[in-house]
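> fold the stuff below for me.
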Amino acid sequence: MVHEKHQVPKREQWSSKMDFILSCVGYAIGLGNVWRFPYLCYKNGGGAFLVPYTLTLLFGGIPMFFLEVALGQSQNVGVLGVWKICPIFKGIGYAAVIMAFWLNVYYIVVLAWAIYYFWHSFSFELPWATCNNYWNTDKCISSYNLTHLANIGNDSVSSAQEFWELKALKKTSRIEDQGSIRIELAAALFVAWVLCYFCIWKGVKWTGKVVYFTSLFPYLLLAILLVKGLTLDGAWDGIKYLFIPRLDKLTNSEVWIDAATQIFFSYGLGVGAIVALGSYNKRDNNCYRDTLILTAFNEGTCLLSGFVIFSVLGFMAKQSHTTIDAVADSGPGLAFVAYPNAINQLPFSSFWSVLFFLMLIFIGLDSQFCTVEGFVTACMDEWPQHFRKRKEIFIAVVCFISYLIGLSNVTQGGIYIFNMFNTYACSGWALLTLMFFECISVSWFYGVDNFYNDINSMIGYYPSKFWKICWVYLTPFLCVSVALYTLVKYERFTLKDYVYPWWGEVIGWLMALSSMLVIPLYAIYKPFRAKKTCKQLLEAEESPCSNGTSLAEAESML
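This next block holds a predicted model:
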């Protein structure tokens with residue numbers, strides 16, 4: 001008889017199917033779509049970016065999203081536990097947990113910036129609208145009247161740009177000069193972590209209720225901003241820029257690289273969040289149908305946010321008598337410089353500012369607590385006897401440690417650290433490597449036919465052979481080709497015009513390697529510990545890997 005004190009609490013499930021759908025919808029409308037997609041699209045020539053984006057979406061993003069949801073649902077465990085199908089590849093799970101931790105540390109900083117701007121929006125005159133503030137320089141041009149921007153010198157700076165760099169960030173000129181912690185941003189970051197904690201502390205049944213509001217409310221705000229944006233003079237010029245491709249841009253490797261990593265990033269792949277969300281489904285849930293519904297939501301969100309941002313860019317270009325590709329900087333500035341510039345042109349600008357940054361807070365919160373949930377789920381499934389009974393305390397510790405590390409992103413030179421996290425820790429080679437091994441471990445080693453049997457046992461029929469072709473051939477080829485392309489076309493690491501020192505790039509690569517190396521190292525460690533060869537481990541009776549038996553078939557024999 002098992003004593004009560006040694007009993008492990010039962011694993012939770014979603015209260016209803018809508019909890020899962022809305023959690024994934026909330027993840028779909030994250031900053032990856034509303035903040036990252038528009039600026040990458042703008043940076044890479046508008047419509048030209050949509051060509052490689054669509055190709056990588058069809059042959060990489062959607063197939064891997066389906067794979068991760070089905071993988072989690074078939075086994076009802078997080079990203080560490082699912083690799084019982086092929087134990088030698090459990091390093092993929094550890095790599096995903098490491099990447100999720102890095103993502104939790106820096107991604108929430110964007111949410112802290114949004115909270116900071118939201119707080120400063122509660123004023124009769126927006127602080128980034130004029131040049132009458134103590135932080136402004138003699139190069140400042142008020143963004144109240146964008147028509148002046150066409151006739152100013154190249155060294156002039158808009159008031160919104162100066163607020164971002166000189167007031168919000170108090171940005172230094174180089175990474176070596178980190179300065180002091182920005183107390184206001186540190187406080188905003190703390191508030192963001194408190195909000196995140198209380199969204200997930202009671203488990204998925206509580207999270208499922210939170211997303212009814214946090215996932216749907218941003219759509220309402222986006223719709224309001226879209227209607228307003230489309231009525232602005234010049235808005236349709238921006239929409240045309242979004243959809244009409246500049247074919248010369250397609251020869252640029254950076255366009256293809258950004259498209260591939262954006263697909264995986266916006267779908268939340270590789271960090272365990274989708275596996276975790278799928279693992280709380282009932283086994284007979286139709287995850288195939290859910291995948292098609294959720295990918296439609298994801299791409300619809302991208303286009304909706306693209307319409308909102310590019311309608312404003314078209315308006316700004318028309319007002320300043322310049323071209324759309326020259327009207328604003330790409331990157332974080334698109335949300336925190338270009339849009340505040342445009343908001344200043346609207347009547348009741350404070351109201352629209354509150355609305356916009358409130359939307360950013362909600363979409364950032366949705367994405368953040370889903371990623372934290374993926375990290376927490378993986379740890380609790382791997383060590384349930386330690387963490388499941390103490391979930392609230394464990395989540396609090398995770399949030400606090402992540403907050404302390406995240407303070408490095410809110411110093412005066414924190415934007416340089418943030419850019420390193422954004423480029424190396426959870427994107428680029430690190431993400432492509434993880435996605436490659438995740439795909440081949442299931443399709444090549446566990447066996448794509450075995451996986452199809454598992455899916456059939458859940459939904460009652462076999463999906464199209466298209467998914468087999470993607471998992472076995474197209475998706476691995478996509479990951480390898482893009483990764484090699486980035487190596488061949490390697491360029492120095494920069495932030496706008498600033499070139500990072502060599503040691504900055506080394507630190508960035510160490511961030512990437514912290515997750516990448518775990519996969520081969522574990523594959524070496526596992527046979528050594530078991531005192532077996534890799535071949536013996538792959539063919540072990542306790543593992544379905546490479547012995548021709550799916551999990552569904554193994555369970556039916558019991």
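> where exactly do the strands run in this structure?
140-141, 157-158, 494-495, 498-499 (DSSP state E).
> which of the ones you listed has the highest mean neighbour count?
strand 157-158 (a mean of 22; mean count of other CB atoms under 10 Å). The way it works is simple: take the backbone N, C-alpha and C, and place the C-beta from them, glycine included.
> note down every partner strand of that strand and its orientation.
Applying DSSP bridges, strand 157-158 is found paired with strand 140-141 (parallel).
> ok now the strand it pairs with, how far from the chain's centre?
Centroid separation for strand 140-141 versus its chain: 34 Å, with CA atoms, centre = their mean, to the nearest Å.
> also stretch 417-434?
11 Å.
> tell me the mean pLDDT for it?
For stretch 417-434, the mean per-residue pLDDT is 91.
> C-alpha coordinates for it, CSV please?
This file holds the C-alpha atoms of stretch 417-434, laid out as CSV (Å, rounded to 0.1, in the frame of the first residue of the first chain):
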residue,chain,number,x,y,z
ILE,A,417,22.0,41.9,-24.4
PHE,A,418,18.3,41.6,-25.5
ASN,A,419,19.4,41.5,-29.2
MET,A,420,21.9,38.7,-28.4
PHE,A,421,19.1,36.6,-26.7
ASN,A,422,16.7,37.3,-29.6
THR,A,423,19.3,36.4,-32.3
TYR,A,424,21.2,33.4,-30.7
ALA,A,425,19.4,31.9,-27.7
CYS,A,426,16.0,31.1,-29.3
SER,A,427,16.4,31.6,-33.0
GLY,A,428,18.8,30.9,-35.9
TRP,A,429,21.1,27.9,-35.6
ALA,A,430,19.8,26.8,-32.2
LEU,A,431,16.2,26.7,-33.3
LEU,A,432,16.9,25.1,-36.7
THR,A,433,19.1,22.4,-35.1
LEU,A,434,16.5,21.5,-32.6
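> related to what we said a few turns ago, by mean pLDDT, show me the worst of the strands of the chain.
Minimum mean pLDDT among the strands of the chain: strand 157-158, a mean of 80.
> returning to what we had before: nearest to L57, of the strands of the chain?
strand 494-495 (27.3 Å; CB to CB).
> ok, back up a step: distance to E176 for the strands of the chain - can I get that in CSV?
Listed next are those as CSV, based on distance: least, CB to CB, whole Å:
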stretch, distance to E176
strand 140-141, 27
strand 157-158, 24
strand 494-495, 13
strand 498-499, 11
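> what's the closest of these to W119?
W119 sits nearest to strand 157-158 of all the strands of the chain, at 21.0 Å, using CB to CB.
> any low-confidence regions in the stretch 1-150 of the chain?
Counting by pLDDT under 70, the stretch 1-150 of the chain contains low-confidence ranges at 1-30, 143-150.
> all helices of it, in order?
Along the stretch 1-150 of the chain, the stretches classed as helices by DSSP state H, counting those that start in this stretch are 17-28, 31, 37-43, 47-56, 62-75, 91-120.
> N285 contacts G72, doesn't it?
No. With contact defined as CB atoms under 8 Å, N285 does not count as touching G72 (10.8 Å).
> the two: which has the busier surroundings?
Higher neighbour count among N285 and G72: G72, with 27 against 19, using other CB atoms under 10 Å.
> now do the contacts for that one.
G78, V79, V82, I274, V275, A276, L277, G278, S279, N281 (CB atoms under 8 Å, 6 or more residues apart in numbering).
> how much space between the first one and C379?
Using CB to CB, to the nearest Å, G78 is found at 8 Å from C379.
> quick one, which of those two is more surrounded?
G78 (30 against 22).
> need the contact list for the more buried one.
Counting by CB under 8 Å, 6+ apart, G78 has contacts G72, G272, V275, A276, S279, G374, T377, A378, C379, M380, D381, E382.
> give me the nearest residue to the last one, chain neighbours excluded.
If you skip the residues right next to it in sequence, E382 has L80 as its closest partner in space, 4.3 Å away by CB to CB, 6 or more residues apart in numbering.
> check the fifth one too.
Leaving aside its chain neighbours, S279 sits nearest to G72 (3.8 Å; criterion: CB to CB, 6+ apart).
> I'd like the helices of the stretch 1-150 of the chain as TSV, with distance to S349 appended.
Formatted as TSV, the helices of the stretch 1-150 of the chain follow (distance: least, CB to CB, whole Å):
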stretch	distance to S349
helix 17-28	28
helix 31	23
helix 37-43	21
helix 47-56	30
helix 62-75	39
helix 91-120	12
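> out of those helices, which gets nearest to P245?
The nearest among these, by CB to CB, is helix 47-56 at 3.6 Å.
> now do the buried residues in the closest one.
Residues G47, A48, F49, L50, V51, P52, Y53, L55, T56 are the ones in helix 47-56 that count as buried (16 or more other CB atoms under 10 Å).
> what's the angle from that helix to helix 62-75?
Here helix 47-56 runs at an angle of 40 degrees relative to helix 62-75 (axes from the mean of the first three to the mean of the last three CA atoms, to 10 degrees).
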